[in-house]
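Q: Kindly return the folded structure for what I paste below:
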Amino acid sequence: MILVFLAYKEYSYTNRQKVVETRIRTINNFIKDIDSDSKRVIYISGFRALIALEDYVASSGQYLNNAEELFRVAFYNGTVNGTEVKILENSSYSDYLGKLRIIADRIGIDIDLNVTNITLYHDSPWSVNVIITTHVNLTDKKGLARWEFYKDYNTSVSLIDIRDPLYSVFTLGRVPNTIRISNITDYVNNTNNDTTQLMIHINNSFYVENPLAPSFLMRMRGNFSSSPYGIESLVYIPELIEQGVSYSTIRSLVDYVLFSNITGYENKACNVDNMPTWFKMDTNHTNKYEINKLNYAPC
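A: Numbers count the residues shown, from 1 in each chain. Sure thing, here's the model as predicted:
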């Protein structure tokens, strides 16, 4: 009888160990799924929140004084200035957390994922890094195991194909311009001073990196200072004229120079060979766009 009793106890203990081991493995896999899903979720919510903010700038005609805080609210709640936005419907981070709780409940887990901070900053001229700082509590409903930890989830969100708030504000939404990276590197042909490539760049208002220019987040705030993550385009003036947008005919057509009262760009190149009469380029940019290869008169 003693042998039978001991064998039963050993069998029962072994079974319990297997149950606990299986349960722990299930919850560990659930935690790994959160890790892998987070990058995708943060990218979708982050990209759509940036679009929502730019839409708000375009509709209000005003830059954002508190762009980062507005981003946090849009990203988490799906609202901008207290109003729900359609592009974030069922795509906010809180929506994701709600779905996560439903999935956790189905497998017998109580989850409390508390977001303590949302950080947004440039990690390149063409993207922003979004970091979600969390405090996570996971408890098995049967009381077999419990996890508690702090973790940062983050991903890099592309700015490509998002509209530039500078164009939206200055042109009152009449001439929107999406951020597209230029693949043109040689603007003026050395042999015959052919400016075809430069005109293609201007006609499409493509973007290039330039540390003299403001970054995307600075553009959202109406800050025209220089940034190591600066980007800029050259404004296609005929489109402004066609849409009835008033502009200064004596300023450079570099977007943040034309669309602001920033100083330090007063010296310009005018009457540039092989370029339209409306073309004016400040001398801070003549080397970058190879205008120095062409004949021009100082304005």
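Q: going forward, measure contacts between C-alpha atoms and count neighbours the same way
A: Fine.
Q: So which bits of the lengthiest strand in the chain are buried?
A: Using DSSP state E, we find that the single longest strand of the chain is strand 109-124. By neighbour count with 16 or more other Cα atoms under 10 Å, strand 109-124 contains the buried residues 109-113, 115, 118, 120, 122, 124.
Q: Include pLDDT and distance to Gly173 when you put these into JSON lines, please.
A: Formatted as JSON lines, the buried residues of strand 109-124 follow (pLDDT from 0 to 100; distance: Cα to Cα, whole Å):
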{"residue": "Ile109", "pLDDT": "88", "distance to Gly173": "48"}
{"residue": "Asp110", "pLDDT": "91", "distance to Gly173": "47"}
{"residue": "Ile111", "pLDDT": "91", "distance to Gly173": "44"}
{"residue": "Asp112", "pLDDT": "92", "distance to Gly173": "42"}
{"residue": "Leu113", "pLDDT": "91", "distance to Gly173": "39"}
{"residue": "Val115", "pLDDT": "95", "distance to Gly173": "35"}
{"residue": "Ile118", "pLDDT": "96", "distance to Gly173": "29"}
{"residue": "Leu120", "pLDDT": "95", "distance to Gly173": "26"}
{"residue": "His122", "pLDDT": "97", "distance to Gly173": "25"}
{"residue": "Ser124", "pLDDT": "97", "distance to Gly173": "26"}
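Q: ok, Ala104 touching Asp112?
A: No: if you go by Cα atoms under 8 Å, Ala104 and Asp112 don't touch, sitting 10.2 Å apart.
Q: ok, back up a step: which strands and helices lie in contact with the next helix or strand after the longest strand of the chain?
A: Using DSSP states H and E, the helix or strand that follows strand 109-124 in sequence is strand 127-140. Contacts defined by 3 or more Cα pairs under 8 Å, 6 or more residues apart in numbering; DSSP states H and E place strand 127-140 against strand 109-124, strand 146-158.
Q: Check which helices and strands the longest one sits against.
A: Right, the one you point to is strand 109-124. helix 67-77, helix 93-106, strand 127-140.
Q: What strands line up against it, and which way round?
A: Note on strand 109-124: by DSSP bridges, its sheet partners are strand 127-140 (antiparallel).
Q: pretty sure His91 is touching Tyr43, no?
A: His isn't right for residue 91; it's Ser. No: using Cα under 8 Å as the test, Ser91 is too far from Tyr43 to be in contact (10.4 Å).
Q: Domain ranges for this structure, per the record?
A: Structural domains annotated on the chain: 2-158, 163-299, as defined by automatic domain parsing.
Q: Quickly, which of those domains bottoms out on average pLDDT?
A: When these are compared by mean pLDDT, domain 2-158 comes last with a mean of 87.
Q: how far does it sit from the chain's center?
A: Remark: domain 2-158 is offset 19 Å from the chain centroid, using Cα atoms, centre = their mean, to the nearest Å.
Q: For this structure, which segments are assigned as strands?
A: Going by DSSP E, the chain shows strands at 79-80, 83-84, 109-124, 127-140, 146-158, 207-209, 231-233, 268-270, 281-282, 297-298.
Q: could I get those strands as TSV with distance to Ile241?
A: Converted to TSV, those look like this (distance: least, Cα to Cα, whole Å):
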stretch	distance to Ile241
strand 79-80	32
strand 83-84	34
strand 109-124	33
strand 127-140	31
strand 146-158	31
strand 207-209	21
strand 231-233	18
strand 268-270	19
strand 281-282	18
strand 297-298	24
